[in-house]
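**Q** Below is the sequence, then the predicted model.
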Amino acid sequence: MKTNQPVENRESSVGSRQNAAPCDLRSRHVSRFTFHASAFTLIELLVVIAIIGTLAALIVPVVVAVKKNQYLNTARAEMAQLETAIDRYKSAYGFYPPDNQVQTDPVSKRFLVPQLYYELTGTTNADADNPTYQSLHDPTIPVLTGANVNTIFGVGGFMNSSKPGGGEDAGLARGFLPDLNPKQIFYPYTNHPPAEPGVTLLVTSVGGPDPTYAPLTLDLPGVNPWRYNSSNPANNPGSYDLWVLLSIGGKTNLICNWSRRAMVLTTNSWLP
């Protein structure tokens, strides 16, 4: 004859089993979690570092090359803009814009400080007997006297200038550079005493672009004017030489109107 287990004991044993199961599951869950959260081994860390280093070695040169091409392409586009303006000037006046004729400055500074801004954007001349030249492009720029123009550029005045009077000599200046970016203009530059007014130059918007490259003076890093020679161009006889030097990664790159590709030069003192 079967003897039934007391109700109290059955309930207590069932209850103990029911209470024990969740504890065991939690214990197993914790142990598994602890196992998966274990730290990387030294070998795994070295592998990850090696992969990152390899990716950096592949990506960095590409980024540098892309940035360099950006600089060169921007300079080429700006040179094409100036070439178009110069050719329009030639069609209008029958000659190319004059260049800087100051012979006392070093040759490099002569080519670096041309009056292209004034000739391509135009000026007004308020007084035929005592000429004073005011920029048409930016009337806020202080006027230049005839003496100032002669001292800085070595010429008697600007050809593209509105002249007073109503006779045959009178004329209106023309603007050949209507879409200049503010970064393509620098004012003021002067290598004369502070009493002399500064002049405005056409520069590359990309600057040096190396911050240590300062062709005008060490006080003006990043100011990189277009160099221009129309009086005795060595590379385009009968026309004009237009060029700029870009220092990129310590190497001098030549962008010019006598070569379709940029040239890397072996010396920073190169001049045509």
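**A** Yes, it's here.

**Q** what sits against Asp179?
**A** Asp179 makes contact with Gln81, according to C-beta atoms under 8 Å, 6 or more residues apart in numbering. For the C-beta atoms, the positions are set from N, CA and C on the backbone; glycine is no exception.

**Q** what's the average pLDDT for stretch 174-191?
**A** Mean pLDDT, stretch 174-191: 91.

**Q** I should have written stretch 149-161 there, sorry.
**A** 92.

**Q** Tell me which residues of that stretch come out buried.
**A** For stretch 149-161, a neighbour-count test (16 or more other C-beta atoms under 10 Å) marks Val149, Ile152, Phe153, Gly154, Val155, Gly157, Phe158, Met159, Asn160, Ser161 as buried.

**Q** Dump these to JSON lines, plus secondary structure and distance to Asp99.
**A** Output for the buried residues of stretch 149-161, formatted as JSON lines (DSSP: H, G, I helix; E, B strand; the rest coil; distance: C-beta to C-beta, whole Å):
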{"residue": "Val149", "secondary structure": "helix", "distance to Asp99": "13"}
{"residue": "Ile152", "secondary structure": "helix", "distance to Asp99": "13"}
{"residue": "Phe153", "secondary structure": "helix", "distance to Asp99": "8"}
{"residue": "Gly154", "secondary structure": "coil", "distance to Asp99": "9"}
{"residue": "Val155", "secondary structure": "coil", "distance to Asp99": "9"}
{"residue": "Gly157", "secondary structure": "coil", "distance to Asp99": "15"}
{"residue": "Phe158", "secondary structure": "coil", "distance to Asp99": "13"}
{"residue": "Met159", "secondary structure": "coil", "distance to Asp99": "12"}
{"residue": "Asn160", "secondary structure": "coil", "distance to Asp99": "14"}
{"residue": "Ser161", "secondary structure": "strand", "distance to Asp99": "17"}
